[in-house]
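Colleague: here is a sequence with its predicted model. Questions after.
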Amino acid sequence: MPAFRPLPPGSTIGILGGGQLGRMTALAAARLGYPCIVYAPDDHPVAAQVCAGHVRGAYEDGEALARFAAQVDVVTYEFENVPEGAVLECEKLKPVRPGVKPIHFAQHRLREKDFLRKLGIGTADYQPIRSEADIAAATALPGILKTCTEGYDGKGQARVADRAELSAAWARLGRRECILEAMVDFDCEVSAIVARGLDGATRCFPIGINGHRDGILRTTTVPSGLPATTLATAERFGVDLAQGLDLVGLVALEMFVTKDGRVLANEMAPRPHNSGHWTMDACATSQFEQLVRAICGLPLGSVEVLAPSRMENLIGDEADDWQRYLAEPTARLHLYGKAEARPGRKMGHVTYVLPGVLPAARPDASGPSTT
Ligand code: AMP
């Protein structure tokens, strides 16, 4: 007998954050009979369009957070930069899954890399940059300088060839606490998305191969076409991370595969991940349903691949082509209900579900390659 009681369908899930990840979580939850209430500071978060309720408040507003937590049975979050204080506030009233530990590490690149290393997960060489003395002593060159906090989708980063460029880049980033990571000569990027249940059971979705442009994820293709040994290492790193975080929920670990076949972790996100959107259309259980199962104490679902697939993000005005995607028989269109298509903004995605043999996976693939 499990030492915990599952939250039965009909229980209410609270989601901190109102973006597309919250929206797709709420849709998956509704399918299993769980209504969701979203907490977000904006007037019309896209998740609220599909939720039973919306509590509007700042992440620092303890009173509004308490009002939110009082209405739900379990709380999760859909972005890792939710302030720790907001999670602690909710924890006073209801379980928060995955809790404060994962965001403590995910919000700070140095802490994150130290933690990964402690778990025996490989990373590029890195060092802290907090002073001119650190720059003078820097050896992880050529490299990428990244702010420790608040960077995402390639923002708050600079590629630097030598110490002179490093010094100039650090000044441009406002002399904030940074991490310098050695440039990885990678063959491709992959991600492991791992669910861990209340009973400690883990399940990793099949590893997808990711293509980026301008620091933003563009495509994920499954199967990846990578050697089984590489995939096994990537999966082991993901599972070790989920266990190391004592996580109940989902964690995504983005990794590089080097030209000589090593796997090096880049960053983690303790929530559903863009590179797992393919699971909605081409896997027995979607990553969003898996999150709902984990946080409600249900058994985790099968991660069997139903068909080869490639997910492509629709960024900015690319979503204006919605009629073309609707006309494409292999395409499954997902739009996020965002009113305004700003450049670089994720407006939706399309998953090409390709029965039969998928053309060889290419990280930079784009378009419906059915030929
Ligand atoms: P991040 O914000 O850390 O996810 O970085 C965004 C993208 O920059 C990654 O997906 C990679 O394509 C690239 N990148 C980040 N760190 C490195 C690195 N150490 N070496 C090579 N490329 C990197």
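Modeller: Structure received. Numbering: from 1, shown residues only.
Colleague: check which residues of the helix or strand hosting residue 212 are buried.
Modeller: If you go by DSSP states H and E, residue 212 is part of strand 208-213. Residues of strand 208-213 classed as buried: 208, 209, 210, 211 (neighbour count, 16 or more other C-beta atoms under 10 Å). To be clear about C-beta, it is placed using only N, CA and C from the backbone, and glycine gets the same treatment.
Colleague: contacting residues around the third one?
Modeller: What it means is residue 210. For residue 210, the contact set (C-beta atoms under 8 Å, 6 or more residues apart in numbering) comprises 188, 189, 190, 191, 217, 219, 220, 254, 275, 363.
Colleague: nearest residue to it other than its sequence neighbours?
Modeller: residue 189 (4.5 Å; C-beta to C-beta, 6 or more residues apart in numbering).
Colleague: confirm for me that that neighbour is in contact with residue 213.
Modeller: No: if you go by C-beta atoms under 8 Å, residue 189 and residue 213 don't touch, sitting 11.7 Å apart.
Colleague: ok, back up a step: moving C-terminal from the strand holding residue 212, which element do we reach first?
Modeller: Next along from strand 208-213, by DSSP H and E: strand 216-222.
Colleague: which parts of the protein sit against the ligand?
Modeller: Within the chain, the positions near the ligand by C-beta under 6 Å from any ligand atom are 124, 144, 151, 154, 181, 183-184, 189, 212, 215, 254, 266-267.
Colleague: out of those, the closest to residue 67 would be?
Modeller: Distance to residue 67, by C-beta to C-beta, is smallest for residue 151 among these, at 32.1 Å.
Colleague: report the secondary structure state of the closest one.
Modeller: Here residue 151 is recorded as coil under DSSP: H, G, I helix; E, B strand; the rest coil.
Colleague: ok, back up a step: show me what contacts the residue nearest to residue 210?
Modeller: Contacts of residue 189 by C-beta under 8 Å, 6+ apart are 209, 210, 211, 212, 254, 255, 256, 257, 266, 363.
Colleague: so what's the fourth one bridging to?
Modeller: What it means is residue 212. Per DSSP bridges, the residues bridged to residue 212 are residue 217.
Colleague: thought it was touching residue 190?
Modeller: No: between residue 212 and residue 190 there is no contact under C-beta under 8 Å: 11.7 Å.
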